[in-house]
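Asker: from the sequence below, what's the structure:
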Amino acid sequence: MKIKAKIEISGANADLVAIPLMPDNMDNMNTVIKEKGAVTYFEADKIGSLIASVDDYLMNAKVAQDMAELVVSEETEGKRNKKEE
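Answerer: Below you'll find the predicted structure:
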């Protein structure tokens, strides 16, 4: 029996979170980038393996989200400073 899971990331900067994680996808994972988000599919034979994969992905996604927010914030700040000059 295969156990499946799906994680959806949505929002304006979803690609900035999902794309950097794609090189780490294992054989049991597949990420699809969509217009307004990304979906990562997981599949495993054992629930423990699935939980471990999803947990690892979510931890990495949190770091990627923090970095994406920092980049977007810095870009916005840089544009604001140029307008003030």
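Asker: please count neighbours and contacts with C-alpha atoms only from this point.
Answerer: Fine.
Asker: now Glu39: which helix or strand?
Answerer: Quick fix: residue 39 is Val, not Glu. Here Val39, judged by DSSP states H and E, is contained in strand 37-44.
Asker: buried residues in that strand?
Answerer: Gly37, Ala38, Val39, Thr40, Phe42, Glu43, Ala44 (16 or more other CA atoms under 10 Å).
Asker: quick check: mean pLDDT across the helix or strand hosting Asp55?
Answerer: Element membership of Asp55 [criterion: DSSP H and E] is helix 47-84. In this model, helix 47-84 has a mean pLDDT of 87.
Asker: I'd like to know which elements that helix is packed against.
Answerer: In terms of contacts (3 or more CA pairs under 8 Å, 6 or more residues apart in numbering; DSSP states H and E), helix 47-84 is packed against strand 3-10, helix 14-21, strand 37-44.
Asker: any idea which of those scores lowest on pLDDT?
Answerer: helix 14-21 (a mean of 92).
Asker: ok, for the residue nearest to the spatial centre of the chain, nearest residue in space, not its chain neighbours?
Answerer: What sits nearest the mean C-alpha location of the chain, by CA atoms, centre = their mean, is Ala18, with 3.0 Å. In this structure, Ala18 finds its nearest non-sequential neighbour in Ala38, 6.4 Å apart by CA to CA, 6 or more residues apart in numbering.
Asker: look up how far Lys6 lies from that neighbour.
Answerer: 10 Å (CA to CA, to the nearest Å).
Asker: hang on, the earlier thing: so which of the helices and strands packed on helix 47-84 comes closest to Met29?
Answerer: Between Met29 and the helices and strands packed on helix 47-84, the tightest spacing by CA to CA is seen for strand 37-44, at 4.7 Å.
Asker: so what strands line up beside the closest one?
Answerer: strand 3-10 (antiparallel), strand 29-34 (antiparallel) (DSSP bridges).
Asker: roughly how far apart are Ala14 and Thr40?
Answerer: Distance from Ala14 to Thr40, by CA to CA: 12 Å.
Asker: swap in Gly11?
Answerer: 15 Å.
Asker: tell me the spatial nearest neighbour of Glu8, not counting adjacent residues.
Answerer: Using CA to CA, 6+ apart, the nearest residue to Glu8 is Val39, at 4.4 Å.
Asker: fine by me, we can end here.
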